[in-house]
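*Asks:* Coordinates for the following, if possible.
(chains A and B)
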Protein chains: 2
Amino acid sequence: MNERDRQAVLFANEAFYAAFAGGDFTQMAALWGTDGIDGRSVPTCIHPGWAPLMGREPVLESWRAILRSPPPVEMRNPTVFTPDGTGETALVICYEVIEGETLVASNLFVRAEDGWRIFHHQAGPCPSAPKAESDDRADSIN
Amino acid sequence: MNERDRQAVLFANEAFYAAFAGGDFTQMAALWGTDGIDGRSVPTCIHPGWAPLMGREPVLESWRAILRSPPPVEMRNPTVFTPDGTGETALVICYEVIEGETLVASNLFVRAEDGWRIFHHQAGPCPSAPKAESDDRADSIN
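*Replies:* Numbers count the residues shown, from 1 in each chain, chains lettered A, B, ... in the order given. Below you'll find the model as predicted:
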């Protein structure tokens, strides 16, 4: 994955949390992927302590409810991974700090014609606080 | 993704939990992906309540420790998703039942030359018990 793509993925991840913290359902809906025709290329979402949601409609319904009273979520330390070699998929691991509690999230992005769409989100509790600064790991590697 | 690939992904996911429940570190290590040269194509793992682990070595070290006293984990209700259109990546969402507690897990598999390798695992607590029967969702769609 080239640097331009990596920045675009980080930007999409930031937009996701801006929509989350800002209670912007329209933006949130625009960021999520659409259902493919085969029933398998669908967005999935696992909120902390929830059962998994499968398919765009249940995923967006959950966000509609959450964004009515959005929590003051701060996203920290996003790191982009590209587990496959296709350049079409990127995994962002980041922390979510909500009123002093820390969660860790996996956000899976897939390239669309006009940008990156989120196709999977799982967040769960994490005892350790992230470092204060954003720290995309491979910056220090490259 | 064709049915043969879907079955191969489900098989790799079952092998992951067989290694987990059986304390088989050799099998577990064989299932995890290897580090790419760019520092981004690396395995990542988020155990419940842990900070994220990034890179094959820290991920395998965690499993080495866990598998010394493997918990009696039962995997249930795996569902295969193919968020991108490449056929090279598959996401399995499933439940883990460990001594009456239920977790929900996201397992990201990537196609390798000789099978599927796990490149990301996140598990977190889930209040709802899964259905007893395995239920790959798209079976009822197709």
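
*Asks:* So in terms of bridging, what pairs with the residue nearest the centre of chain A?
*Replies:* For chain A, the residue sitting closest to the mean C-alpha position, by Cα atoms, centre = their mean, is A:Asn107 at 3.6 Å. Assessed by DSSP bridges, A:Asn107 has beta-bridge partners A:Val92, A:His121.

*Asks:* Am I right that it is in contact with A:Asn13?
*Replies:* Yes: taking contacts as Cβ atoms under 8 Å, A:Asn107 lies within contact range of A:Asn13: 5.8 Å. C-betas here are computed from N, CA, C, even on glycine.

*Asks:* any residues in contact with both of the two?
*Replies:* The contact sets of A:Asn107 and A:Asn13 overlap at A:Val92, A:Cys94 (Cβ atoms under 8 Å, 6 or more residues apart in numbering or on different chains).

*Asks:* How about the residue in chain A that chain B sits nearest to, nearest residue that isn't a chain neighbour?
*Replies:* For chain A and chain B, the shortest gap (Cβ to the nearest Cβ) falls at A:Gly124, measuring 2.8 Å. Nearest residue to A:Gly124 in three dimensions, chain neighbours excluded: B:Gly124, at 2.8 Å (Cβ to Cβ, 6 or more residues apart in numbering or on different chains).

*Asks:* buried residues in the helix or strand harbouring the one you found?
*Replies:* Of the helices and strands defined by DSSP states H and E, B:Gly124 is found in strand B:115-125. By neighbour count, with 16 or more other Cβ atoms under 10 Å in any protein chain shown as the criterion, the buried positions of strand B:115-125 are B:Trp116, B:Arg117, B:Ile118, B:Phe119, B:His120, B:His121, B:Gln122, B:Ala123, B:Gly124.

*Asks:* Look up how far B:Ala112 lies from the residue of chain A closest to chain B.
*Replies:* With distances defined as Cβ to Cβ, to the nearest Å, the gap from A:Gly124 to B:Ala112 amounts to 27 Å.

*Asks:* now do A:Asp114
*Replies:* For A:Asp114, the distance to B:Ala112 under the criterion Cβ to Cβ works out to 31 Å.

*Asks:* Just to be sure, A:Leu103 is in a helix?
*Replies:* No: with DSSP: H, G, I helix; E, B strand; the rest coil as the criterion, A:Leu103 is strand rather than part of a helix.
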